[in-house]
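> Got a predicted structure here, sequence first:
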Amino acid sequence: MTKISVLILAKNEEKNIGDCITSCSFAEDILVIDDGSTDKTQEIAESLGARVIHRSMNGDWGGQQTFAIQQAKFPWIFFIDADERCTTKLAKEIEAVVEKNEQVAYWIKRINKFHYDKAEHGVLRPDYVCRVMPAKDSYVEGYVHPAIITPYPNKKMQGHMYHYTYDNWQQYFNKFNNYTTLAAEKYKKAGKGVSFFRDIVCRPLWAFLKVYFLNGGFKDGRLGWILSVDHYFYTMTKYVKLYYLYKSNGKL
C-alpha cells in the first residue's frame, strides 16, 4: 500500500463515504474529519479501515482542511471530497509520484457528474483542482472555495477523478443558499465593496453569458439552460446578501 494520507472532510455522507474510501484503497492511511454527522458516516468509514476524528467546521472549510493536514500520518497527502471518486488510472499515478517523492503539488482533472442528466459544459465543465502534495508547509485558506497554499511547483496529472455533484434539487438549492451566504460574509469580512448596478444588475448577466455561451452550457440542452440560469441567480444572490449586510449596518 502507498504511504500517503487520504484526507476526507465529511458530514452526513453515509451515501457517499463508502464508495469514496473504496476508491482510495491503495492508500495506507485514510482519515475522515467528521463535522458532527448524525447518520452512519463514522460507522461505514471505520468498517472500511479509515480513521475518524470529530471536529466542528463552524463554516471554516479552509481551517478544517488545515487541521486534516496536521493529522496526516505520512509526508504525502491526497485531498478528496466524499462525493468524489479516485479512478484506477489516477490511483496508479499517485502511487508513482509518491514513490518518486519529487516535491511537487499536483493538480487533478475533475469530471463533474450530475445525477439527473448528462452535462459536460458550462458550470459542470471539467476543472482542475490541487489535491496531491507534500504535507510539509501546506495549508488551506478560505471559507468558500478555499485555496490550498503550498511552496511547491505545480504539475498536472494525467489521470482524473469523478465528482458526483448533487443527488436531488433540494440538495442543490440548500447548497445554493448556504454558499451564497458564506460568500457574502466572506466578501464583507474582506471589505469588498458592492455596487447595486455593477454587482446586482450587470455581474449576474455576465456570469450567465459566460457559462452558457463561452463555456458551452448551451451544448447540454435543457439542463445546460437551467444550470446557467441558476448561475445567474447564484451570482446575483450572493451580492444581494452582501448589499443588505452593509445596508443593515447603515453603510449603504
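Done, it's in. Numbers count the residues shown, from 1 in each chain.
> what about Leu223, which helix or strand?
Under the criterion of DSSP states H and E, Leu223 resides in helix 221-248.
> ditto for Gly63
Per DSSP H and E: helix 61-71 holds Gly63.
> other SSEs contacting the helix or strand that that helix is followed by?
Downstream of helix 61-71, the next assigned helix or strand under DSSP H and E is strand 76-79. In terms of contacts (3 or more C-beta pairs under 8 Å, 6 or more residues apart in numbering; DSSP states H and E), strand 76-79 is packed against strand 2-10, helix 61-71, strand 127-134. Any C-beta I mention is one placed from the backbone N, CA and C, and that applies to glycine too.
> gap between the last one and the chain center?
Centroid separation between strand 127-134 and its chain, computed with C-alpha atoms, centre = their mean, to the nearest Å, is 11 Å.
> Could you pull out the buried residues of it?
Going by neighbour count (16 or more other C-beta atoms under 10 Å), the buried part of strand 127-134 is 129-134.
> picking up where we left off before, who are the packing partners of the helix holding Leu223?
When contacts are defined as 3+ C-beta pairs under 8 Å, 6+ apart, helix 221-248 sits against helix 169-189, helix 203-209.
> among these, which is nearest Glu13?
helix 169-189 (11.9 Å; C-beta to C-beta).
> re earlier: got the buried residues for the helix holding Leu223?
Across helix 221-248, burial judged by 16+ other C-beta under 10 Å covers 223-224, 226-228, 230-232, 234-243, 245-246.
> Over to stretch 98-118?
For stretch 98-118, the neighbour count (16+ other C-beta under 10 Å) marks 98, 104-108, 110-114 as buried.
> again, but for stretch 3-20
Within stretch 3-20, the residues that count as buried by 16+ other C-beta under 10 Å are 4-10, 12-14, 16-18, 20.
> Spatially, which two of the residues you listed are the most separated?
Ile4 and Asn12 (26.2 Å).
> weakest of the helices and strands packed on helix 221-248 in terms of mean pLDDT?
Looking over those, mean pLDDT reaches its minimum on helix 169-189, with a mean of 92.
> Tell me which other helices or strands that one touches.
Here helix 169-189 touches helix 221-248, going by 3+ C-beta pairs under 8 Å, 6+ apart.
> mind checking how far the helix it packs on is from the chain centre?
Its chain's average C-alpha position is 19 Å from that of helix 221-248, according to C-alpha atoms, centre = their mean.
> do stretch 131-140 as well
Chain-centre distance of stretch 131-140: 16 Å, with C-alpha atoms, centre = their mean.
> per-residue confidence averaged over it?
Computed over stretch 131-140, the average pLDDT equals 98.
> Quick one: neighbours of Lys92, just the number.
For Lys92, the neighbour count with other C-beta atoms under 10 Å is 12.
> Glu99 versus that one, what's the distance?
The gap separating Lys92 from Glu99 is 11 Å, by C-beta to C-beta, to the nearest Å.
> do Ala10 as well
Ala10 is 28 Å from Glu99, where distance means C-beta to C-beta.
> Could you do Thr66 as well?
26 Å.
> And for Phe208?
46 Å.
> what about the chain, any weak spots by pLDDT?
Scanning the chain with the threshold set as pLDDT under 70 gives 116.
> so what does the strand ranked longest in the chain touch, helix or strand wise?
Across the chain, the longest stretch assigned as strand under DSSP state E is strand 154-164. Judged by 3+ C-beta pairs under 8 Å, 6+ apart, strand 154-164 is in contact with strand 84-86, helix 88-100, strand 105-113, strand 127-134.
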